[in-house]
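S.K.: When you get a sec, could you give me coordinates for this:
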Amino acid sequence: MDHSGLIAALLVLAHFLVQLSLLARVLLRPHREPASRIAWVVVVIAVPVIGIIAYVLFGEVSIGHRRAERLRHAQAQLPALRLDPDTAPTPLRPVIPERHRHLFRIGESISGFTPIGGNHATLMADSNATIDALVADIDAAQDHVHVLFYIWLPDNNGIRVAEALIQAAERGVTCRAMADDLGSRAMIRSMHWQRMAAAGVHLARALPIGNPLVRALTGRIDLRNHRKIVVIDDWITYCGSQNCADPEFRIKARFAPWVDAMMRFEGPIARQNQHLFAGDWLPHVDDGIDALLRRPLTPPNPPPRDRIEPRPGATPRPGLPAQVVGTGPTVRWSAMPQMFEELIYSARRELVITTPYYVPNESMQAALCASARRGVATTVVFPARNDSWVVAAASRSYYAELLEAGVTIFEYPDGLLHTKSLTLDGEVTLIGSANMDRRSFELNYENNILFYDPRLTAVMRERQGSYISASRTVTSDEVAAWSRRRRLWNNVVAMLGPVL
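M.R.: Numbers count the residues shown, from 1 in each chain. The predicted structure follows:
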C-alpha cells in the first residue's frame, strides 16, 4: 500500500472510531427519550460527516462546565424559600383544595418553592397596557427594579422601559436589567443599552455567546434564557408570555401582531420570582443580590393597591395561593413536561390550552388524547400562521390523532397567538413563558406561575374564550383532505423533532 493509500485508510478508520464512539455516547447518555436516541443514531449513520458535526453542536444539553459551576455556586448562595403551611403566618398560608394540592407538590419538586398565599393579581388588557403598567410601577419604585427578558427590542415599548429604568436609577433606585444575549442582541448593541449603563442601571447579558465557534465547543449555543421576569420592591411581579417589545414586533412584522397575556401580581409570590432572577443574575455578575432574599417578607410602605378596584361595600378578597415554577436545562430533567402532563391528567370537566408552539413528546400527546377520551372538554388554540415553519409543520402532524381522540382544535388568524396559558376546571391556571415544545422542555430557561383561584381563572378563561371566538375550528375532514405530500412533510419534520 502506497503512502496516500495508508493515509486514506487511517482517515477512514479514524472516522469509523469517531462515529462508533458517538453512537455509544448517544445510547449511553442518560435522560434521553428512545425516540431521540433513534433519531440521532439514524442521523449519525446516514449522513456521517454532517451527522457527527450536528451531534457535537446540538446533540447534548450542556451549558458548559464553567458556566454550570458558576450556576451551582450561585444557587448555593441563595436561601431556600420553603413555607411550612402549619407554622406560616395566616395571610401567607395557601388555601388549596385537596383535589389540587398534588399539582403544587409537583411544582415544589421542580423549583423548591412551596405555594404561598396572600397574593392579588390582574390580567393585563393587552401588550401595550402591560407596558403602561410596568412603566408606572417602575416610576413608583422605592427600592429596586429587576427585569429579565428573552427578547427586548429597541422599539417604542422597549425604549419606554429603558427610559423608565434610567429615570429610576437616577433618583437612587437600584435597577438591574438582564437580557438574553441572542434574543435581545438588537437592544444590547443599541445606544439605549449604553445609556442605561451610563445612568447607573446594572446590566447583564444572559448566556453570552462571545465567539460562536468557541462557544459551540464549550456548550450548546442554542440554550437560551427564555424567561420574562419583572420584580419591583420585592412585592410586585409580572409573569406571562410577553417580551419587552411592541405588539407589531417589527423584526417579524408579517406575523404581527404578537398576541400575549401577562399578569401583574402583588404579594409574597414576588419573592419567588426574585429568587429565580437572582439565580440567573449571580452567575454573570458579582453582586450581593442574595441579601434581598434574606429580608423579612413584608409589603412596601405604603403598600401598592390592586389595579382591580373592589366594588363599594364589597368584602376584601383573600389573597390567592400561587407558586413559581422555574425550569431549564440545569433544573430537574423532564420538569416542564411533567408539570404540563400532571395538569392535563388532573382535569375532570374542562381543559383549555393556548400555545404558539406544539411539538410534544409522546407522553404529552397521549395525555391530551386521554383527557378528551375520558370526557373532559379538551380545547387547544394554536396560531393559524406560525413564525416557525418547522414548528408549524411538526404541530400539524399531531392534529389527526388529537381530533380522533375528541380534542377540539382552533387556529387563531389575527396575528401570532403567543399566549402560553392553561386553565383547569375553571379553578387552576398556569401562565408563563413555557411553550409545549421540546425547546421549552429541554433547552430553554422558563418561568411560570401556577395558582388556584376560581375568580382569576374565570378571567383567564374569558380571555381564552376571546381567542376561540376569533378562531376557526379545525375539522377531521379538513385534515383528512390534506395532500399526501403535505402529510409526508409534516410527519418527516415531526420525526426529526428530537434532533431539531
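S.K.: my guess is Arg82 meets Ile116, correct?
M.R.: No: applying C-beta atoms under 8 Å as the test, Arg82 and Ile116 come out as separate, 10.0 Å apart. In this view, the C-beta of every residue, glycine as well, is placed from N, C-alpha and C.
S.K.: Do a quick rundown of the strands in the stretch 401-500 of the chain.
M.R.: Counting by DSSP state E, counting those that start in this stretch, the stretch 401-500 of the chain has strands at residues 408-412, 416-417, 421-424, 428-432, 436-437, 446-452, 472-474.
S.K.: need the ones you listed in TSV with mean pLDDT, distance to Gly375 and mean neighbour count, can you?
M.R.: As requested, the strands of the stretch 401-500 of the chain are exported to TSV (pLDDT from 0 to 100; distance: least, C-beta to C-beta, whole Å; neighbours: other C-beta atoms under 10 Å):
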stretch	mean pLDDT	distance to Gly375	mean neighbour count
strand 408-412	98	13	21
strand 416-417	96	27	25
strand 421-424	98	15	26
strand 428-432	98	18	26
strand 436-437	94	22	26
strand 446-452	98	23	26
strand 472-474	98	20	14
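S.K.: picking that back up, who's more crowded, Arg82 and Ile116?
M.R.: Ile116 (27 against 9; other C-beta atoms under 10 Å).
S.K.: For that one, which residues are in contact?
M.R.: Neighbouring residues of Ile116 by C-beta atoms under 8 Å, 6 or more residues apart in numbering: Leu83, Ala88, Leu92, Pro94, Gly267, Pro268, Ile269, Arg271, Gln272, Pro321, Ala322, Gln323.
S.K.: same check, this time on His284
M.R.: With C-beta under 8 Å, 6+ apart, His284 has these contacts: Arg70, Met178, Ala204, Arg205, Ala206, Pro208.
S.K.: Repeat the analysis, applying 6 Å as the threshold.
M.R.: Ala204 (C-beta atoms under 6 Å, 6 or more residues apart in numbering).
S.K.: circling back to that earlier point, for the contacts of Ile116, give me CSV that also has neighbour count.
M.R.: Output for these, formatted as CSV (neighbours: other C-beta atoms under 10 Å):
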residue, neighbour count
Leu83, 22
Ala88, 16
Leu92, 19
Pro94, 22
Gly267, 25
Pro268, 24
Ile269, 29
Arg271, 20
Gln272, 28
Pro321, 25
Ala322, 32
Gln323, 27
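S.K.: Closest one of those to Leu28?
M.R.: Gln323 (35.5 Å; C-beta to C-beta).
S.K.: Show me the shaky parts of the stretch 351-500 of the chain.
M.R.: In the predicted model of the stretch 351-500 of the chain, residues 497-500 satisfy pLDDT under 70.
S.K.: so of the contacts of Ile116, which ones are in strands?
M.R.: Pro321, Ala322, Gln323 (DSSP state E).
S.K.: As TSV, these with pLDDT and distance to Gly288 would be great.
M.R.: Listed next are the ones in strands among the contacts of Ile116 as TSV, based on pLDDT from 0 to 100; distance: C-beta to C-beta, whole Å:
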residue	pLDDT	distance to Gly288
Pro321	96	31
Ala322	97	27
Gln323	97	27
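S.K.: Closest to Leu6 out of those residues?
M.R.: For the ones in strands among the contacts of Ile116, the nearest to Leu6 is Gln323 (64.4 Å; C-beta to C-beta).
S.K.: which residues touch that closest one?
M.R.: Gln323 neighbours (C-beta under 6 Å, 6+ apart): Phe104, Gly107, Phe113, Pro115, Leu450.
S.K.: May I see the ChimeraX selection of the buried members of those residues?
M.R.: To isolate the buried members of those in ChimeraX, using 16 or more other C-beta atoms under 10 Å:
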select :104,107,113,115,450
